[in-house]
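Enquirer: What follows is a predicted protein model with its sequence.
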Amino acid sequence: MNDQTNHRQNDVSVSGGRISFPTPETMNAAQKDVYDQIVSGPRGALVGPLRAALHNPVLADRWQRLGQVLRFETSIPTHLNELAILVTARRWNSDLEWSIHARDADRAGLAPSIVAAIRTCAAPDFSDDEEASEVYEFAQQLVQGGDVADQAYRAVASRWGEVGAVELTAVIGYYSMVAMTLNVHRIPLPAGMTDRLPGTRDSLAILPSSNG
């Protein structure tokens, strides 16, 4: 084993998955600075894709700043923001993204029946929640086809303005990147989380339209 390889193994921790994860005790100064920003912010912990992104601390810093805006600071109500994230997580079969945001959606007040339907790729019942129906339809169309129809776009823009349409698109795009990162690097579920999405991983999930 050469010195470079030995140094690398001493500076990282592998906790399952395909990739090694820097630890607080062995991070370099740039990594530690970003780590401290993350754990002192709304997240409170270094989890998920940032564990991989921290290999490039500049990337991790920009990533966590963008993520903070899109997760905590949009004009879309929190439970509906989480709805869009769940649609994205389900499309990409991302167990970790799903587990974290199913919990957050419950805390934010998203109806459990909606979460359960998305988990099994069934059409949620939005008969009493037009706002949720509009967000779901926008997200479903975007993750399934890479675009949204005029009607779905107008529904979101009419309710939350152009800024809402911009934010919602960015949320879905960002959490697609998150899901890809989690999937590719096989980043494991945090301790205490065991929920895994049903179905195989050899194709993307198909989510139905809310319009039947």
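Expert: That came through fine.
Enquirer: So which elements touch whichever helix in the chain runs longest?
Expert: Longest among the helix segments of the chain by residue count, using DSSP state H, is helix 150-185. The contact analysis (3 or more C-beta pairs under 8 Å, 6 or more residues apart in numbering; DSSP states H and E) places helix 150-185 against helix 50-53, helix 57-72, helix 78-91, helix 95-108, helix 130-145. To be clear about C-beta, it is placed using only N, CA and C from the backbone, and glycine gets the same treatment.
Enquirer: Dump those to JSON lines, plus mean pLDDT, distance to residue 176 and mean neighbour count.
Expert: Converted to JSON lines, those look like this (pLDDT from 0 to 100; distance: least, C-beta to C-beta, whole Å; neighbours: other C-beta atoms under 10 Å):
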{"stretch": "helix 50-53", "mean pLDDT": "92", "distance to residue 176": "15", "mean neighbour count": "23"}
{"stretch": "helix 57-72", "mean pLDDT": "93", "distance to residue 176": "12", "mean neighbour count": "17"}
{"stretch": "helix 78-91", "mean pLDDT": "98", "distance to residue 176": "6", "mean neighbour count": "25"}
{"stretch": "helix 95-108", "mean pLDDT": "95", "distance to residue 176": "10", "mean neighbour count": "20"}
{"stretch": "helix 130-145", "mean pLDDT": "98", "distance to residue 176": "7", "mean neighbour count": "21"}
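Enquirer: Minimum distance to residue 175: which of the ones you listed has it?
Expert: Set against residue 175 and scored by C-beta to C-beta, the helices and strands packed on helix 150-185 come closest in helix 78-91, at 4.3 Å.
Enquirer: List the contacts of that closest one.
Expert: Residues outside helix 78-91 that contact it (C-beta atoms under 8 Å, 6 or more residues apart in numbering): 70-71, 74, 76, 97-98, 101-102, 104-105, 108-110, 114-115, 118-119, 121, 131-132, 135-136, 138-140, 143-144, 168, 171-172, 175-176, 179, 197, 204-205, 207.
Enquirer: now stretch 136-145, how far from the centre of its chain.
Expert: Relative to the centre of its chain, stretch 136-145 is centred 15 Å away, using C-alpha atoms, centre = their mean, to the nearest Å.
Enquirer: Then stretch 21-31?
Expert: 24 Å.
Enquirer: any chance of the helices and strands packed on helix 150-185 in a markdown table, with distance to residue 40 too?
Expert: Listed next are the helices and strands packed on helix 150-185 as a markdown table, based on distance: least, C-beta to C-beta, whole Å:
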| stretch | distance to residue 40 |
| --- | --- |
| helix 50-53 | 14 |
| helix 57-72 | 11 |
| helix 78-91 | 21 |
| helix 95-108 | 19 |
| helix 130-145 | 31 |
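Enquirer: Residue 191: which of the ones you listed is closest?
Expert: The closest of these to residue 191 is helix 95-108. By C-beta to C-beta, the value is 11.7 Å.
Enquirer: Check which helices and strands the helix or strand following the closest one sits against.
Expert: On the C-terminal side of helix 95-108, the closest following helix or strand by DSSP states H and E is helix 112-119. Of the remaining helices and strands, those touching helix 112-119 by 3+ C-beta pairs under 8 Å, 6+ apart are helix 78-91, helix 95-108.
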